[in-house]
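J.: Give me a model of this one.
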Amino acid sequence: MFNIGVGEWLLLAVLGIILVGPDRLPHVATEAAQLVRRFKEFTTKATEELRENLGPGFEDINVADLHPKKFIARTLNEAALPTAEIHEIVQQAKIDPDLL
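T.: Below is the predicted model of the structure:
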């Protein structure tokens with residue numbers, strides 16, 4: 001989980017006990033867990049609203065797919081011409097290299 005080893009977890013636990021205190025640590029831990037739960041619910045609702053507002057055809061969209069780099073790459077891959085068509089276009093194109 002988060003690429004944190006046992007030693008790091010122990011260090012975090014000791015720091016938590018020192019900074020928060022052993023009597024308040026369970027209360028702070030439950031508040032942190034509730035905060036994480038609320039954040040997860042918020043992101044789930046936001047994703048559902050996004051899918052609903054985008055309309056039909058976007059039911060299977062993943063939020064990570066909306067990253068600009070991934071979105072552009074996916075769009076270009078979907079619109080890519082077959083290599084035979086590209087080769088034919090290159091063969092038909094007559095561009096003078098001196099004009100470039």
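J.: Skipping adjacent residues, who's closest to the residue nearest the centre of the chain in space?
T.: Within the chain, the residue whose C-alpha comes closest to the C-alpha centroid is residue 64; the distance, by C-alpha atoms, centre = their mean, is 3.4 Å. Spatial nearest neighbour of residue 64, chain neighbours left out: residue 70 (6.8 Å); criterion: C-beta to C-beta, 6 or more residues apart in numbering. No exception for glycine: its C-beta is placed from N, CA and C like everyone else's.
J.: Residue 62 is in contact with that neighbour, correct?
T.: No - Residue 70 is not in contact with residue 62 according to C-beta atoms under 8 Å; the separation is 9.2 Å.
J.: Longest helix in the protein, please.
T.: Of all the elements of type helix in the chain, the one with the most residues (DSSP state H) is helix 25-54.
J.: what's the neighbour count on the residue nearest to residue 64?
T.: Each residue near residue 70 was counted by other C-beta atoms under 10 Å, and the total is 12.
J.: Output the helix or strand harbouring it as CSV, restricted to C-alpha atoms.
T.: Following DSSP states H and E, one finds residue 70 within helix 68-78. Extracted as CSV, the C-alpha positions of helix 68-78 are listed here (Å, rounded to 0.1, in the frame of the first residue of the first chain):
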residue,chain,number,x,y,z
PRO,A,68,-5.0,15.2,-22.2
LYS,A,69,-2.1,13.0,-23.3
LYS,A,70,-4.1,9.8,-23.1
PHE,A,71,-7.2,11.4,-24.7
ILE,A,72,-5.2,12.7,-27.7
ALA,A,73,-3.4,9.4,-28.1
ARG,A,74,-6.6,7.4,-28.0
THR,A,75,-8.3,9.8,-30.4
LEU,A,76,-5.4,9.6,-32.9
ASN,A,77,-5.3,5.8,-32.6
GLU,A,78,-9.0,5.6,-33.4
